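S.K.: no sequence on hand, only this structure:
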């Protein structure tokens, strides 16, 4: 058994964790014992961050202090802003810009010399990263549009403040709440590839800035964080085709085209996060344009019922509804994955902290399949 | 067995690889079938890069074309230089600055829109990264000293050119050869933590820029790439103590102090790379100051013979001799780990390419140890 190849590490247990648990058969996700539905309905993203990092939901006083400490750390340095402006001018991808921004945050870290094993210091650094990501990302978006960045709004929560820094206008309550819910839903999800990348980096006792930078890098991959953009691009394609959505999806599947936003390695049934976002999409449709909600539900019904995907364990995942929700909130499509990163940073930091508490360097092995005993031939005789 | 916890993934086979093989009992390391001793003695770092990336040592023509293509890509953008200058002024750590530099390289990538599955494009991107790392790192070092960066020297190989860009002066043959050997010795080493971090990121089909950025982040950790600096700091401490090295090490071990540069998860005997670097250190001592060589050999002999560490499987690792070699080459101590990254980037890129050829998303599991079924208490009642 020890010599079995475990490619992709599917099913391999690499750590114990009290952070989140996924029941892929039941379609259930919990954070520290609370169902994701309960948290999305009743808590704020800040409360969920506190829960993930500290193990318990905060009291009123704890939440006030925690929120204040996050708000205090929102500003990013002129160096970060200057680099975001340069990268925007150079046409850099938003996820690559965010990766660079997070990497640069360490340059102004006041506790740079803290002992790597001082996990309280790591937690404070993680809080700074989480507070600064929305500011750097919004600044990059503004620079891309040729506009000046908007300073953080001291009275707004993390979700509402991001929408404010993006547009320069305070979002209405529905938009702010919807976005806050989306952040809660994406905050943690077991040892997904980006979380695991952050843990592998963290297992060298590297700085948390490096671990989160690696998380952003992993999340940018099309097999991981990129699918919510793909879904929205398909929805727009359907809309622009002028066809009835049902007709479009019939034709697309007949021609063998894969529809993004379906299927997940962990879930065999509908992703619980998709259900919640579907309801938000429906609510946004009621007050605005119902087009996107109608297209998504038509596709879901067709694929699930007509094509029998549900019986094959292929059901809508979180990306299937998040795309249209973000679109309805007016967020640029190529910012969807960075928003995922903004939220998941909370999970990355929580997992690195948890792992480093009882750290063991993560160093697997490869089975060597190359040649042995090769004779060196000097360059001129090759 | 499937539910066994494999913390640290020690001994877990996550991939097949034809790149490098380590025999920890025999103290043997091979790259694609060639012993590390043979390559260090006879090949250049460029030949080893070609070997790792293409599977065979290059012919004269292939090496010429390959070297030219690397040299063509050495320049970094003004944006990267400006950010390096800002980070130097802000007192950023060299490994963090390098992480940011690599992350920024993607902004000028001419094939940014290449299909993620086009591994030939990924290889070309990898070549660009490898060519640019020495330039960005040397520029950062120059800015820290308040000096202007030195443009790459078109006639010098990668190793000699780095030393040239660092000091502004062409290195002598011994220095250039020694540094080239050090780069060869550090280029690959199975699935160490930074290589594995790069693979996890690459397994999402993320951009190779992100994978190498993650590799730099992981290598910066004190449990991974930082030990060669620690060794040199101890050697300087011994020198400055004015004590006889033997007396110093007797006292230090008697007081329970751990001497860095000894022991490795994979090797039970002396690291073959340490043996080669020890010889280089001896050669440098013959033409210059023998102090550092004398101190290291005194420590090694004492720990191995008097303290019996060798019998316990704790022997000098690559870091034990690389520190003093770099010091003798006049390289600043906190640049040792970035130099490790400069070399290991070749291995990271090779492993990501090899893994992506038959890719499978790396997503392990954690055993959930947290609570279940927690009742949500509203904020004001907590």
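M.R.: Now that the structure is in, tell me what you want to look at. Computed from a predicted structure; not experimentally measured.
S.K.: and residue A:73, what does it touch?
M.R.: Listed by CB atoms under 8 Å, 6 or more residues apart in numbering or on different chains, the contact partners of residue A:73 are A:127-128, A:131-132. C-beta here means a position set from N, CA and C on the backbone, and glycine is covered the same way.
S.K.: tell me the helix or strand right after the helix or strand harbouring residue A:196.
M.R.: Assigning secondary structure by DSSP states H and E places residue A:196 in helix A:193-202. Toward the C-terminus, helix A:193-202 is succeeded by helix A:208-219 as the next helix or strand (DSSP H and E).
S.K.: and that following helix, does that touch chain B?
M.R.: Yes. For helix A:208-219, a contact with chain B is found by CB under 8 Å from any CB of the partner chain, at A:209-211, A:213-214, A:216-219.
S.K.: need the residues you listed in CSV with neighbour count and pLDDT, can you?
M.R.: As requested, the residues of helix A:208-219 next to chain B are arranged in CSV below (neighbours: other CB atoms under 10 Å in any protein chain shown; pLDDT from 0 to 100):
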residue, neighbour count, pLDDT
A:209, 28, 98
A:210, 29, 98
A:211, 34, 98
A:213, 34, 98
A:214, 38, 98
A:216, 36, 98
A:217, 38, 98
A:218, 35, 98
A:219, 30, 97
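S.K.: not counting sequence-adjacent ones, nearest residue to residue A:190?
M.R.: residue A:22 (5.2 Å; CB to CB, 6 or more residues apart in numbering or on different chains).
S.K.: hang on, that neighbour in a helix?
M.R.: No. Assignment of residue A:22 by DSSP: H, G, I helix; E, B strand; the rest coil gives strand, placing it outside any helix.
S.K.: contacts for stretch A:94-103?
M.R.: Contact with stretch A:94-103 is made by A:76, A:80, A:83-84, A:87-88, A:92, A:129, A:132-133, A:136-137, A:140-141, A:209-210, A:212-213, A:216-217, A:219-220, A:225, A:334-335, A:337-338, A:341, B:96, B:99-100, B:103-104, B:106-107, B:207, B:209-210, B:213, B:217, as judged by CB under 8 Å, 6+ apart.
S.K.: got the residues of the stretch 251-382 of chain A near chain B?
M.R.: Contact residues, the stretch 251-382 of chain A versus chain B (CB under 8 Å from any CB): A:265, A:359-374, A:376-380, A:382.
S.K.: show only the entries of those found in strands.
M.R.: If you go by DSSP state E, those have A:365-368 in strands.
S.K.: for the residue lying closest to residue A:167 once chain neighbours are set aside, give me phi and psi.
M.R.: Counting by CB to CB, 6+ apart, residue A:330 is the residue found nearest to residue A:167 once chain neighbours are left out, at 6.9 Å. Geometry field for residue A:330 lists phi and psi as phi 80, psi 20, criterion degrees, to the nearest 10.
S.K.: before we move on, what about the one 3 residues further on?
M.R.: Residue A:333 adopts backbone torsions of phi -60, psi -40, taken as degrees, to the nearest 10.
S.K.: can you name every helix or strand that the helix or strand harbouring residue A:62 contacts?
M.R.: Residue A:62 is part of helix A:60-72, with elements assigned from DSSP H and E. With contacts defined as 3 or more CB pairs under 8 Å, 6 or more residues apart in numbering or on different chains; DSSP states H and E, the packing partners of helix A:60-72 are helix A:45-54, helix A:119-144.
S.K.: and the helix or strand following the last one, average pLDDT?
M.R.: Meaning helix A:119-144. Following helix A:119-144 in sequence order, the next helix or strand is helix A:158-167 (DSSP H and E). Predicted confidence along helix A:158-167 averages 97 (mean pLDDT).
S.K.: the inter-axis angle of helix A:158-167 versus helix A:119-144?
M.R.: For helix A:158-167 against helix A:119-144, the angle between stretch directions is 30 degrees (axes from the mean of the first three to the mean of the last three CA atoms, to 10 degrees).
S.K.: helices or strands next to helix A:158-167 in the packing?
M.R.: Secondary-structure packing of helix A:158-167 (3+ CB pairs under 8 Å, 6+ apart): helix A:45-54, helix A:119-144, helix A:173-186.
S.K.: and chain B, which of these is closest to it?
M.R.: helix A:45-54 (7.1 Å; CB to the nearest CB).
S.K.: what angle sits between the closest one and helix A:158-167?
M.R.: Going by the same axes, to 10 degrees, helix A:45-54 makes 120 degrees with helix A:158-167.
S.K.: touching helix A:45-54 from outside, list them.
M.R.: A:19, A:31-32, A:34, A:39, A:43, A:56-58, A:62-63, A:66-67, A:70, A:123, A:126-127, A:130, A:157-159, A:180, A:183-184, A:187-188, A:343, A:346-347, A:349-350, A:353, B:379.
S.K.: now do stretch A:206-213
M.R.: Residues from elsewhere that reach stretch A:206-213, judged by CB under 8 Å, 6+ apart: A:99, A:102-103, A:105-106, A:109, A:116, A:122, A:125-126, A:129, A:198-199, A:201-202, A:345, A:348-349, A:352, B:96, B:99, B:103, B:213-214, B:216-222, B:224.
S.K.: can you tell me how far residue A:345 sits from chain B?
M.R.: Residue A:345 sits 14 Å away from chain B, going by CB to the nearest CB, to the nearest Å.
S.K.: ok, residue A:285 next?
M.R.: For residue A:285, the distance to chain B - CB to the nearest CB - is 28 Å.
S.K.: spatially nearest residue to that residue (excluding sequence neighbours)?
M.R.: residue A:293 (3.8 Å).
S.K.: number of residues surrounding that neighbour?
M.R.: 22 (other CB atoms under 10 Å in any protein chain shown).
S.K.: from chain B, how far off is it?
M.R.: Noted for residue A:293: a distance of 28 Å to chain B, by CB to the nearest CB.
S.K.: try residue A:193
M.R.: Residue A:193 is 5 Å from chain B, by CB to the nearest CB.
S.K.: of all residues in chain A, which one is nearest the centre?
M.R.: Nearest to the mean C-alpha position of chain A, by CA atoms, centre = their mean, lies residue A:340 at 2.7 Å.
S.K.: that one belongs to a helix?
M.R.: Yes. If the criterion is three-state DSSP, then residue A:340 is within a helix.
S.K.: show me which of the contacts of helix A:45-54 are buried.
M.R.: Neighbour-count burial (16 or more other CB atoms under 10 Å in any protein chain shown) is assigned, among those, to A:19, A:31-32, A:34, A:39, A:43, A:57-58, A:62-63, A:66-67, A:70, A:123, A:126-127, A:130, A:157-159, A:180, A:183-184, A:187-188, A:343, A:346-347, A:349-350, A:353, B:379.
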